[in-house]
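Visitor: Sharing a sequence plus its predicted fold:
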Amino acid sequence: MKKHYMPRSQRNDNFIDKTFTVVADILLKVLPTSQREKQAFAYYRDGMSAQSEGEYAEALQNYYEAMRLEVDAYDRSYILYNIGLIHTSNGEHARALEYYYQALERNPSLPSALNNIAVIYHYRGEQAIEKGQAEISSLLFDKAADYWKEAIRLAPTNYIEAQNWLKMTGRA
């Protein structure tokens, strides 16, 4: 027997999620988009809803379906970015980096992806210090600095902590 798919919008109790879903449903009905684009957006919306509830496996499933349907590079960048977020949350930093890089290939003006890449390199730099690998940590911190500088260039009022870190470490 075929499983009936129930959109998350019909089984979600979170007010903000419900509000987002209602607005998204209205946009899907009024915007002049193709059926394929509407379907891709519905999967993306359900992926975001699942992700916000910590249902990462379900979110990934929805994002992969959205990727299969979505053709617009800009829209795909946000799907890839969200997949990267899930891998970051799961501690899978190498996989997260792959998705952040793919997101940036499609949308180079995505400061949050640049920031998250910097955070991962900074984390790896701290790990290298703990292992007594000073040279490696310095290279990783330099790499983090490069990504933070670009994120700050794109979004000057964001990433204040990163700006302070850059100044304190002489990397500004």
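Guide: Sure thing, it's come through.
Visitor: Okay, the nearest residue to H87 once chain neighbours are set aside and A155: tell me how far apart.
Guide: Spatial nearest neighbour of H87, excluding adjacent residues (Cβ to Cβ, 6 or more residues apart in numbering): A96 at 3.8 Å. Placement of C-beta: from N, CA and C, glycine included. Distance check for A96 against A155: by Cβ to Cβ, to the nearest Å, it reads 20 Å.
Visitor: picking that back up, could you check which helix or strand contains the residue nearest to H87?
Guide: Counting by DSSP states H and E, the element that carries A96 is helix 93-106.
Visitor: May I see the buried residues of the next helix or strand after that helix?
Guide: Using DSSP H and E, the helix or strand that follows helix 93-106 in sequence is helix 111-130. Residues of helix 111-130 classed as buried by neighbour count (16 or more other Cβ atoms under 10 Å): 111-122, 124-125, 128.
Visitor: quick one: the helix or strand following helix 111-130 to helix 93-106, angle?
Guide: Next helix or strand after helix 111-130 toward the C-terminus (DSSP H and E): helix 134-154. Interaxial angle of helix 134-154 relative to helix 93-106 (axes from the mean of the first three to the mean of the last three Cα atoms, to 10 degrees): 30 degrees.
Visitor: how is the chain carved up into domains?
Guide: The chain breaks down by the TED database into domains covering 34-92, 109-171.
Visitor: mind putting the ones you listed in CSV, distance to Y101 and mean pLDDT included?
Guide: Output for the domains of the chain, formatted as CSV (distance: least, Cβ to Cβ, whole Å; pLDDT from 0 to 100):
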stretch, distance to Y101, mean pLDDT
domain 34-92, 9, 92
domain 109-171, 8, 96
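Visitor: okay if I get those as TSV plus distance to Q102?
Guide: Formatted as TSV, the domains of the chain follow (distance: least, Cβ to Cβ, whole Å):
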stretch	distance to Q102
domain 34-92	5
domain 109-171	9
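Visitor: buried set for stretch 98-110?
Guide: Y99, Y100, Q102, A103, L104, R106, N107, L110.
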